[in-house]
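*Asks:* only the shape, not the letters, is given here:
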């Protein structure tokens, strides 16, 4: 299904991603689900193929493409039935490293960006805490001045890539004000910075998720990312990139689930005919496809609006709420039409069903997103 915003280079990118998934992901994904993470050599291959630098400066090996190209990437990537792999990549490309891209100074970018783009350096972002999820301003991790540097104390939870990342962007309070926080660059292995535990999840099994502990982590002054005390606004800005990527991920999963289900119901025989010949089934699938196509148009519209410099916080909040709920509706119906096979771990639709659930929670729960919409009327 070609899209109105697609350019020839977008189609090329889609084809490249499809071939990479077929060759490097689908044959090995079940093994990654069992081991709980995506091997770093696979991510390096993605970096070498140019997939990790789409938005970033040519000076560091990037392509300097726009938000539409990045959306095409996220949507194409989400045709993989292993969402743990997908989120491992999208956290690196769309949720963590953009903090450096948006707020980093020349020295910081020169030091870290080449490795981020090549896949040698995999990133994570530490914002969520046991007592602060969607309420970003409620974080309790602190960063206090100490001579010519900083000392960080606190903990983070539900951090994707948290176990195996090389570089972390950590939010910490730097003053008494509710929104007075800053972002810091923390390298793996920094004294006092540890993985408290690897978390066991319902879905996204091939994605490593961690609790992080910061116990008197001493950082030099050049670890401050962006302006002091302005980190809250940096986080809010980056949420727009993150939520469009999650919207694209949800739409991609809907498209894949519908494709798998259409293939299945056409060949599955019941009561003397294929399931596709049952009027209820083909009508419900048609409606799910209609909703998916509408959501896809909205996703592309949001990405296009970013390229035009528009303020679209309300629209992106709508998008996140809409697609997070839609993917659960679509995948659940598709699983239902797989019958008993849809409940078997060997069936890709079962994996998509488990993996879809968190898309209505992570990156801004549906209820929080709808409040962001409502307060902008």
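*Replies:* Noted; the coordinates are in hand. Keep in mind the model is a prediction, meaning the values are calculated, not measured.
*Asks:* rest of the way, CA atoms for contacts and neighbours
*Replies:* Noted.
*Asks:* beyond the top helix by length along the chain, next helix or strand please.
*Replies:* Looking across the chain with DSSP state H, the single longest helix is helix 231-267. Counting by DSSP states H and E, the element after helix 231-267 in chain order, helix or strand, is strand 269-270.
*Asks:* okay, now the closest residue to residue 373 other than its chain neighbours: neighbour count?
*Replies:* In space, residue 373 comes closest to residue 314 once its chain neighbours are excluded; the distance is 4.9 Å by CA to CA, 6 or more residues apart in numbering. Counted by other CA atoms under 10 Å, the residues lying close to residue 314 total 18.
*Asks:* so residue 314, which state does it fall into?
*Replies:* Classification of residue 314 by DSSP: H, G, I helix; E, B strand; the rest coil places it in helix.
*Asks:* same check on the one 5 residues further on?
*Replies:* Three-state assignment for residue 319 (three-state DSSP): helix.
*Asks:* now do residue 153
*Replies:* At residue 153, secondary structure determined by three-state DSSP is strand.
*Asks:* what sits opposite it in the beta ladder?
*Replies:* residue 142 (DSSP bridges).
*Asks:* which residues does the residue lying farthest from the centre of the chain contact?
*Replies:* Distance from the C-alpha centroid of the chain peaks at residue 272, with 43.5 Å (CA atoms, centre = their mean). Taking CA atoms under 8 Å, 6 or more residues apart in numbering, we find residue 272 in contact with no residue.
*Asks:* and it, how close does it get to residue 278?
*Replies:* In this view, residue 272 and residue 278 are 11 Å apart by CA to CA, to the nearest Å.
*Asks:* ok, now residue 257?
*Replies:* 19 Å.
*Asks:* of these two, who's got more company?
*Replies:* Neighbours were counted for residue 257 and for residue 278 using other CA under 10 Å; residue 257 has more, 26 against 13.
*Asks:* can you tell me how far the closest residue to that one other than its chain neighbours is from residue 261?
*Replies:* Among residues not flanking residue 257 along the chain, residue 331 sits closest, at 6.0 Å (CA to CA, 6+ apart). Distance, residue 331 to residue 261, using CA to CA: 9 Å.
*Asks:* of the two, give the one with the bigger neighbour count.
*Replies:* Taking neighbours as other CA under 10 Å, residue 331 and residue 261 compare with residue 331 leading, 29 against 22.
*Asks:* may I have the secondary structure class of that one?
*Replies:* Secondary structure assignment for residue 331 (three-state DSSP): helix.
*Asks:* do the same with residue 108
*Replies:* Residue 108 is classified as helix under three-state DSSP.
*Asks:* so what are the domain limits for this structure?
*Replies:* When the chain is parsed with automatic domain parsing, its domains come out as 8-120, 124-229, 232-374.
*Asks:* can these go into CSV with extra columns for mean pLDDT?
*Replies:* As requested, the domains of the chain are exported to CSV (pLDDT from 0 to 100):
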stretch, mean pLDDT
domain 8-120, 94
domain 124-229, 93
domain 232-374, 94
